[in-house]
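>>> one predicted model, sequence on top.
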There are 2 protein chains.
Amino acid sequence: MGRPRQDENRLTIQAVAKRAGVSAMTVSNVINRTGRASEATRVRVLAAIAHLGYVPNQSARRLVGSDVACVGLIYPGVESIFIDAVLAAVAVVAAEKGVQLQIRSAEHTSPEGTADIARDMVRSGVQALLLLPPYAEILGEQAEVFGLGVPTAAIATAVPLPNITTIRIDNRAASRAVTEYLIAKGRRRIAVLAGPSQHSDSVARLEGYRDALRAHDLPIDQALCVEGDFTFPTALAAAERLLALSPRPDAIVAGNDDMAAAVLWVAHQGGISLPADLSVTGFDDTMIATRVWPPLTTVRQPIREMAAEAMECLARAVRNPEQNSAPTDVVFPFTMVERHSA
Amino acid sequence: MGRPRQDENRLTIQAVAKRAGVSAMTVSNVINRTGRASEATRVRVLAAIAHLGYVPNQSARRLVGSDVACVGLIYPGVESIFIDAVLAAVAVVAAEKGVQLQIRSAEHTSPEGTADIARDMVRSGVQALLLLPPYAEILGEQAEVFGLGVPTAAIATAVPLPNITTIRIDNRAASRAVTEYLIAKGRRRIAVLAGPSQHSDSVARLEGYRDALRAHDLPIDQALCVEGDFTFPTALAAAERLLALSPRPDAIVAGNDDMAAAVLWVAHQGGISLPADLSVTGFDDTMIATRVWPPLTTVRQPIREMAAEAMECLARAVRNPEQNSAPTDVVFPFTMVERHSA
DNA sequence: CTGAAAGCGCTTACAG
DNA sequence: CTGAAAGCGCTTACAG
C-alpha cells in the first residue's frame, strides 16, 4: 500500500462528488469544461463545491498536466534595482496565477551555457520560458533552443524577435522624447552614456538619441558617445571621460537610472552644479530616480503590467500548443517623468 | 486510459533508475533518505542524476505529500527597495526549494484584515506563513491567528516573538555601532530620524542609538529625535525639521537608507556640505546606499541568507509537525559598511 | 540493501 | 449526459 496519510478531513474531489451524488469526473467536468454536464447536475455540483469550500489540489492538476505548472525564468544575477523590481513583479504575478517559478541566473555564463540552462529547465519540466534582459537576444540567436518547443516570452527587449513573444515599450521613441526634452531646454552639446551594445534596448535608445539630434540639425559627435554596461561602476569611469571633455557636454542622456546616478556622482565630485551646468536623464524610473539628488528626469516602464502580460501570454500559449508558432509583440506605452535633473 | 501525453524525452525518475540499473524507489531513497542505499548504488545513482540533469517533479512530490508545497507570504505593498530586494530573494529561494509562493499585500489593511488574509491563505492550502515587516508584530498580537496551526516565520523583526520563528540581525547593537562610529568621528550633536514606532526594529534601532549616547555620556535630547515611517516622502519633512534646528545637528542616524537619502536631499537643497558639516548614516545597505552622493555609511543585513534560513525553518517545521510549538530565533551577524556620508 | 505495489488527487480519452 | 479506469511522477510502508 501507499501511505495511508488520508488526512480524513482533507477536502477532495471525491467528497464533493459524494455530496452532489455524482462521480468525481462529473465534478471535474463541471469545474473545467463548461457544457459537459446537464444544468441540473451543474447546479448541484456547484452547490456542493460552495458548501464545502472546495479548492482543487494544484499539485494534482499539474501532475496530470492540465494547468500551467511551472515557468522557467532566466535572469542576470547582477545587483540591479531594475532587475530586483522585475523579479518582484514576476514573483507576485506568478503567485497570483498559481504558477511555480523556476529561477536561474545566467551570470558569468556563455551564450551556449545559457542555452544549456534553458534546455535543462525544459527537461526538468518547465512548460514555458520567461527571459529577462539580455537573454532574449542571446538565446534568440541560437535557433536550436527553440527546438525545445516551449513558448518563450521576454520582458523589456527593444525589438520584436522571431521566436519569442516580446513585451516592451518603444525604447527608441522614449529615448528620442527624452533627448528632445533636453533640446527644448536649450541644451546643445548633448552626450550619451549608452548601455551595452549587445542589448537591443541599448541600441534602440542610442538610435532614439540620434533621431532627436538629427531632427533638430544638431551634429552627432562620436566623442560624445560612450558605452557602459548598465551598471553603476562602469558608468562611473564613462562619466569621468565624458565630463573631462572640453568643452564639456551640457547634458548627458544615460542608458538607465543607475548610470545616470553615476553621472551625478562624478558631477558632485567635480563640483559641477546640477542642473544648471549639466542636465542628466535616466531610464526606467526605478526608485533610484527619486532618491538621488537632483531627482532624475527619466522614462517609466510599467513593469507590473508588463510582467502580468508576459505571464498571460505564456499561459495562453501553453493552453493552445498549436498556436505556439505565432509569438506576438506587445508594446506598452511609456511615460516621461520630469524631475529636477534636467 | 489516462492521457497518453508521454512526452517521450521527459526526464523521470524511471529514466534515472534505468540508467543506474536500479529501481525507481532506490533512486528515490538515494535522493531523500540518506543511508538507505549502499555506497556503491548511491554513487551510481548520483552519477546518473548528474549525467541526465534530473530534477524531481515537484507536483508529484507534493501530491504524495512529502514536501512543502506552498508558503504564504504577506508583505507591505509599499514601494521600497528593501522590500523589493527581500521579495526577490524570497522568490529565488522558494524557486530553489520548489515551493510555490502565495503572495499577498496587506497594504491599507487593518490588523484584523491582515489576520483574515492569513486565515484565507491557510484555508486555501498554504502550509506555512512567511511574514515581512511589520506583519509579525501585527499578527503576533492576535493570538487566534496561531490557532491556524501552520508554522510561521518572519524576516527582519527586531525581537523574538512567542509564536513565530524570527530571522533577524541584532538591530539594537547595529544601531549602537553606527552611532558610536559617529561619536568616534567627533560628532557630538547626533540626531536620529527613527522609523515608525510600531515596527520592533525601529524601536530597537532607537534604543541602540540611545545606548551609544549614554555610553559616551552624551545628553539624550528629545528635540533631536524625530520619527518617519521608513519611506522617503515622510522622511523629507522630518529631515527638514531636524536641519532647521539651531544649533543644527552635526550628524543624523536614519532608520533606513531611504530616509537617509531624504536627509541627503534636504542637505543638498540647503547647501549643507556633506559630510563636513553633517554626517548621515543609513540602514540596510540597499542599492540606494551606493547610488546617492555621498554614498551611505550603513548597516548590511544578509538578506539572501536570511530568506534561505526562513524557508528552511519553515520546511523543517512542516516536516515535523509535532515540533511546531517551538519557534526559534535566528540572529544573523550584521556588517557596518563605511562609506563617505559619515 | 533493494524492489513490487499501492496510492496521493486529479483529468482525459473512451464507452455506455 | 455520465461514469469506470488508467495514468501523471513520485514516495512510503512492507516484504524479501
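Right, received. Where do you want to start? Numbering: from 1, shown residues only, chains lettered A, B, ... in the order given.
>>> my read: residue A:256 touches residue A:281, true?
No: when contacts are counted by C-beta atoms under 8 Å, residue A:256 is not listed as touching residue A:281 (10.3 Å). C-betas here are computed from N, CA, C, even on glycine.
>>> next SSE downstream of the helix or strand of chain A with the lowest mean pLDDT?
Lowest on mean pLDDT, DSSP states H and E among the helices and strands of chain A sits helix A:58-63, with a mean of 77. Helices and strands here follow DSSP states H and E; after helix A:58-63, the next one along the chain is strand A:70-75.
>>> now for that next one, which elements pack on it?
helix A:81-97, strand A:100-105, helix A:111-123, strand A:128-131, helix A:135-140 (3 or more C-beta pairs under 8 Å, 6 or more residues apart in numbering or on different chains; DSSP states H and E).
>>> low-confidence stretches in the stretch 1-150 of chain A?
A:1-10, A:33-35, A:65-69, A:143-147 (pLDDT under 70).
>>> residues from it in reach of chain B?
Proximity of the stretch 1-150 of chain A to chain B, by C-beta under 8 Å from any C-beta of the partner chain, involves residues A:2-3, A:5, A:53, A:55, A:57-60, A:62-65, A:69-70, A:73, A:79-81, A:83-85, A:87-88, A:90-92, A:94-96, A:98, A:100-103, A:120, A:123-125.
>>> of those residues, buried ones?
The neighbour-count criterion (16 or more other C-beta atoms under 10 Å in any protein chain shown) marks A:57-60, A:62-63, A:69-70, A:73, A:80-81, A:83-85, A:87-88, A:90-92, A:94-95, A:98, A:100-103, A:120, A:123-125 among the residues of the stretch 1-150 of chain A next to chain B as buried.
>>> now, which of those lie close to DNA strand D?
Residues of those in contact with DNA strand D (C-beta under 7 Å from any atom of the strand): A:60, A:63.
>>> for residue A:213, give me its contacts.
A:179, A:183, A:190, A:219-220 (C-beta atoms under 8 Å, 6 or more residues apart in numbering or on different chains).
>>> in JSON lines: those residues, plus secondary structure and neighbour count.
Shown next, in JSON lines, are those (DSSP: H, G, I helix; E, B strand; the rest coil; neighbours: other C-beta atoms under 10 Å in any protein chain shown):
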{"residue": "A:179", "secondary structure": "helix", "neighbour count": "26"}
{"residue": "A:183", "secondary structure": "helix", "neighbour count": "16"}
{"residue": "A:190", "secondary structure": "strand", "neighbour count": "23"}
{"residue": "A:219", "secondary structure": "coil", "neighbour count": "9"}
{"residue": "A:220", "secondary structure": "coil", "neighbour count": "12"}
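>>> on that earlier part again, relative to residue B:170, which of the helices and strands packed on strand A:70-75 is closest?
helix A:81-97 (25.4 Å; C-beta to C-beta).
>>> elements contacting that closest one?
Against helix A:81-97 (3+ C-beta pairs under 8 Å, 6+ apart) you get strand A:70-75, strand A:100-105, helix A:257-269, helix A:303-319, helix B:81-97, strand B:100-105.
>>> now with 6 Å, please.
helix A:303-319, helix B:81-97, strand B:100-105 (3 or more C-beta pairs under 6 Å, 6 or more residues apart in numbering or on different chains; DSSP states H and E).
>>> of these, give the one that comes closest to DNA strand C.
When these are compared by C-beta to the nearest atom of the strand, helix A:303-319 sits nearest DNA strand C, at 9.7 Å.
>>> buried ones in the helix or strand just after the closest one, by neighbour count?
Remark: after helix A:303-319, the chain's next helix or strand is strand A:329-332, criterion DSSP H and E. Residues of strand A:329-332 classed as buried: residue A:330 (neighbour count, 16+ other C-beta under 10 Å).
>>> strand A:329-332 - which strands sit beside it in the sheet, and in what orientation?
strand A:165-169 (parallel) (DSSP bridges).
>>> pull the partner strand out as CSV, backbone CA atoms only.
Written as CSV, here are the backbone C-alpha positions of strand A:165-169 (Å, rounded to 0.1, in the frame of the first residue of the first chain):
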residue,chain,number,x,y,z
THR,A,165,6.9,36.9,-27.5
THR,A,166,8.2,40.3,-26.6
ILE,A,167,6.7,42.6,-24.0
ARG,A,168,8.3,46.0,-24.2
ILE,A,169,8.0,49.7,-24.6
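>>> and the contacts of it?
Here strand A:165-169 makes contact (C-beta atoms under 6 Å, 6 or more residues apart in numbering or on different chains) with A:153-157, A:160, A:301, A:306, A:309-310, A:313, A:327-330, A:332, A:334.
>>> recalculate using a threshold of 7 Å.
For strand A:165-169, contacts defined as C-beta atoms under 7 Å, 6 or more residues apart in numbering or on different chains pick out A:136, A:152-158, A:160, A:301, A:306, A:309-310, A:313, A:327-332, A:334.
>>> now do it and helix A:303-319, the angle between them.
With axes from the mean of the first three to the mean of the last three C-alpha atoms, to 10 degrees applied, the angle from strand A:165-169 to helix A:303-319 works out at 170 degrees.
>>> wait, isn't residue A:197 in contact with residue A:204?
No: assessed by C-beta atoms under 7 Å, residue A:197 is found out of contact with residue A:204, at 11.1 Å.
>>> so is stretch A:240-256 next to chain B?
No: using C-beta under 7 Å from any C-beta of the partner chain, stretch A:240-256 stays clear of chain B, coming no nearer than 11.6 Å.
>>> could you tell me the end-to-end distance of that stretch?
17 Å (C-alpha to C-alpha, to the nearest Å).
>>> residue in the stretch 101-250 of chain A nearest to DNA strand D?
residue A:125 (7.7 Å).
>>> so is that residue in a helix, a strand, or just coil?
Three-state assignment for residue A:125 (DSSP: H, G, I helix; E, B strand; the rest coil): coil.
>>> who's in contact with it?
Residue A:125 touches A:70, B:57, counting by C-beta under 7 Å, 6+ apart.
>>> residue A:102 against residue A:126, yeah?
Yes: if you go by C-beta under 7 Å, residue A:102 and residue A:126 touch, sitting 5.3 Å apart.
>>> need the residues touching each of these two.
A:70, A:72.
>>> look up how far DNA strand D lies from residue A:313.
25 Å (C-beta to the nearest atom of the strand, to the nearest Å).
>>> how close does the residue nearest to that residue when sequence neighbours are not counted sit to chain B?
Among residues not flanking residue A:313 along the chain, residue A:165 sits closest, at 4.9 Å (C-beta to C-beta, 6 or more residues apart in numbering or on different chains). Residue A:165 sits 21 Å away from chain B, taking C-beta to the nearest C-beta, to the nearest Å as the criterion.
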